[in-house]
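> Predicted coordinates and the sequence they were generated for:
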Amino acid sequence: MNESVVESRVDARVVPAAADRIRVTVTGRDRPGITAAIAAAVARCSCEILSVRQVCVRRRLTLMFELLVENAPPQQSIFRDLLLVSKQIGVSVDFSLLPGVVSRASSEHARPVSEQYVITAIAADSITPAFLVDLGYKLQERQFVLESVNKLSQHRLGCIELVVSSPASSSVSDIQQFRSEMFVIGRNYATDVAVQKENLTRKSKRLVVMDMDSTLIQQEVIDELARYAGKFEAVQEITHRAMAGELDFKSSLHKRVECLKGTPASVIQQVIDHLVYTSGAYHLVHTLKRLGYKLAVISGGFTPIAQHVRQTLGLDYAYANQLEIGPDSCFTGRTIGPIVDAQRKADLLMAIAQQEQVELEQTICIGDGANDLPMLSIAGLGIAFNAKPAVQERAAFRLNRQGLDSVLYFLGIPEAEQIQLRGNDVATQARQKPVAKNSKRAFDQS
């Protein structure tokens, strides 16, 4: 799998009167005009194309047609014409008669239609043969049919995308169970596995909402504020318990903010000056913006930092909690306005989607804490990013990679196209020169 696999497939739904189904397989060195020449021969014989698939690996072409052919004379004609054309264009052609005769009468009693799913596997280093073996056994056990495999990573086998067809009898609970099984297999091989239904909305997402602390940035902002207030250990303990779901977020936030009472508000700028952005955050945001996405940060942190992140990354929306500042320019230990807790995060996602006239199925949410779960659960693609174990267990999709831009693989965007979309992002990024005195780098330079 050192080269990408290019595949196209079109399926017909309506079948005419009694006819035979024939599979035509064409192989040879890829060059312009092969598909057109074969299709022209099919058209001359008035055959109906039920399915077409083309795969090209290292310039070696395999082209498959499934045809519906009227009995006797047209069959003889299509065989003769295709053999002649294949000789003229220098390819090999093979025929096989598929079992069963298709009739209009039988098509009137339609059987349940199987669904297609995309399985995306992303490894920390390279996908191992052992992982592929276990994946293959699981597909066989679940009676999934493997339709195609596509390598998305550019060099090592870091990411592959498989298209599979489920049994027609599969239920929603069957697919949920399959997702859980894939999570366990992936965890055993340090490989993230996402199972998404293959439909129009998978690649037509339009809105991305992200958590800020430990997602877009590597720090927990309130911990950093507490560091300057001399209350770091007390606040950090409360933060960890809240993010793990052991404490109610709203009450834990009030307790942590109380620890900041009397701290000069100027420490906010010190936190901003030392922000460390998550690897891949810049590339993810700017790639999505070039594709026309709207982007938002919704944080249980605080407004000045969230607004700075919005401006720095070029996001469209930012929502967070507002700290109250007294006449002495110090924190009062209280917040102003509604608390951005788990439910408010979900409500804000719905509000932004409505504002942008985007269906929830076309939204992506990324977060790491228990307070992110409600918005992750209602998004079309809700990703737990380097999340706590309890959060990963409850999330439908998980990503445990260093780079946030690995999210692009879930959208089916190959690494080569990601690099193309970045364009001059590295140069633009360097010109912004964010300050990060105690970090290796403020933005990833990969």
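Perfect, thanks for sending it.
> wait, is Arg80 part of a helix?
Yes. Using DSSP: H, G, I helix; E, B strand; the rest coil, the assignment for Arg80 is a helix.
> what about it, neighbour count?
Each residue near Arg80 was counted by other Cβ atoms under 10 Å, and the total is 12. For glycine as for every other residue, the C-beta is placed from the backbone atoms N, C-alpha and C.
> Also the one 4 residues further on?
Taking other Cβ under 10 Å as the neighbour definition, Leu84 ends up with a count of 11.
> so it is in which element?
Element membership for Leu84, per DSSP states H and E: helix 73-89.
> again with Ala194
With DSSP H and E as the test, Ala194 turns up in strand 191-197.
> Can you dump the C-alpha atoms of that strand in PDB for me?
Output of strand 191-197 as PDB, limited to C-alpha atoms (Å, rounded to 0.1, in the frame of the first residue of the first chain):
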ATOM      1  CA  THR A 191      -4.500   2.900  16.800                       C
ATOM      2  CA  ASP A 192      -7.500   5.200  16.700                       C
ATOM      3  CA  VAL A 193     -10.500   3.700  14.800                       C
ATOM      4  CA  ALA A 194     -13.500   5.600  13.700                       C
ATOM      5  CA  VAL A 195     -16.600   4.000  12.100                       C
ATOM      6  CA  GLN A 196     -18.800   6.500  10.200                       C
ATOM      7  CA  LYS A 197     -21.800   5.900   8.000                       C
END
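> name the helices or strands packed onto that strand?
strand 116-123, helix 172-188, strand 397-399 (3 or more Cβ pairs under 8 Å, 6 or more residues apart in numbering; DSSP states H and E).
> and Asp341, which of these is closest to it?
With Cβ to Cβ, the closest approach to Asp341 among the helices and strands packed on strand 191-197 belongs to strand 397-399: 22.3 Å.
> Go ahead and name everything in contact with the helix or strand just after the closest one.
As assigned by DSSP H and E, the chain's next helix or strand after strand 397-399 is helix 407-410. By Cβ atoms under 8 Å, 6 or more residues apart in numbering, the residues outside helix 407-410 that reach it are 120, 122, 152-153, 159, 161, 194, 196, 284, 287-288, 364, 366, 381, 383, 385, 397, 399, 418.
> now do stretch 165-183
So stretch 165-183 is contacted by 111-117, 119, 135, 138, 142-145, 147, 193, 195, 197, 392, 396, 398 (Cβ under 8 Å, 6+ apart).
> Can you flag the buried ones in these?
Among the contacts of stretch 165-183, those classed as buried by 16 or more other Cβ atoms under 10 Å are 114, 116-117, 119, 135, 138, 142, 144, 147, 193, 195, 392, 396, 398.
> Minimum pLDDT in the residues you listed, which residue is that?
Of all the buried ones among the contacts of stretch 165-183, Ser114 has the smallest pLDDT value, namely 76.
> Enumerate every residue touching that residue.
By Cβ under 8 Å, 6+ apart, the residues touching Ser114 are 145, 165-168, 170.
> Next: Thr128.
Thr128 sits next to 189, 191 when contact means Cβ under 8 Å, 6+ apart.
> any idea which of the contacts of Ser114 has the most stuff around it?
Neighbour counts for those, by other Cβ under 10 Å, peak at Ser166, which reaches 21 neighbours.
> Just to be sure, Leu61 is in a strand?
Yes. Membership of Leu61 in a strand is supported by three-state DSSP.
> That one and Thr27 touch, don't they?
Yes. Using Cβ atoms under 8 Å, Leu61 is in contact with Thr27, at 6.6 Å.
> what's the overlap in contacts for those two?
The contact sets of Leu61 and Thr27 overlap at Val91 (Cβ under 8 Å, 6+ apart).
> Show me which of those two is the more surrounded one.
Of the pair Leu61 and Thr27, Leu61 is the one with more neighbours under other Cβ under 10 Å, namely 18 against 15.
> Any idea what that one is bridged to?
Note on Leu61: beta-bridge partners by DSSP bridges are Gly28, Cys56.
> Tell me the spacing between it and Ile78.
20 Å (Cβ to Cβ, to the nearest Å).
> go on, Ser148?
In this view, Ser148 and Ile78 are 26 Å apart by Cβ to Cβ.
> And for Asn150?
With distances taken as Cβ to Cβ, Asn150 is found 30 Å from Ile78.
> Of these two, give the one with the bigger neighbour count.
Neighbour totals were compared for Asn150 and Ile78, and Ile78 leads with 23 against 19 (other Cβ under 10 Å).
> residue contacts, that one?
Neighbouring residues of Ile78 by Cβ under 8 Å, 6+ apart: 22, 24, 41-42, 45, 47, 67, 69.
> re earlier: can you tell me what sits against the strand holding Ala194?
Residues outside strand 191-197 that contact it (Cβ under 8 Å, 6+ apart): 115-124, 127-128, 131, 175, 178-179, 182-183, 185-186, 202, 381, 397-401, 406, 410.
> mind listing what that strand pairs with, with the direction of each?
Using DSSP bridges, strand 191-197 pairs in its sheet with strand 116-123 (antiparallel).
> roughly how far is the strand it pairs with from the heart of the chain?
Centre-to-centre, strand 116-123 and its host chain are 9 Å apart (Cα atoms, centre = their mean, to the nearest Å).
> Next: stretch 270-282.
Distance, stretch centre to chain centre, for stretch 270-282: 23 Å (Cα atoms, centre = their mean).
> Keeping just the C-alphas, turn it into CSV.
Provided in CSV are the C-alpha atoms of stretch 270-282 (Å, rounded to 0.1, in the frame of the first residue of the first chain):
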residue,chain,number,x,y,z
GLN,A,270,0.8,36.7,31.6
VAL,A,271,-1.2,33.6,30.9
ILE,A,272,-1.8,34.8,27.3
ASP,A,273,1.9,35.4,26.8
HIS,A,274,2.7,31.8,27.8
LEU,A,275,-0.1,30.0,25.9
VAL,A,276,1.1,26.7,24.2
TYR,A,277,-1.1,25.8,21.3
THR,A,278,-1.7,22.1,20.7
SER,A,279,0.4,20.6,17.9
GLY,A,280,-1.6,20.7,14.6
ALA,A,281,-4.2,23.3,15.9
TYR,A,282,-3.0,25.9,13.4
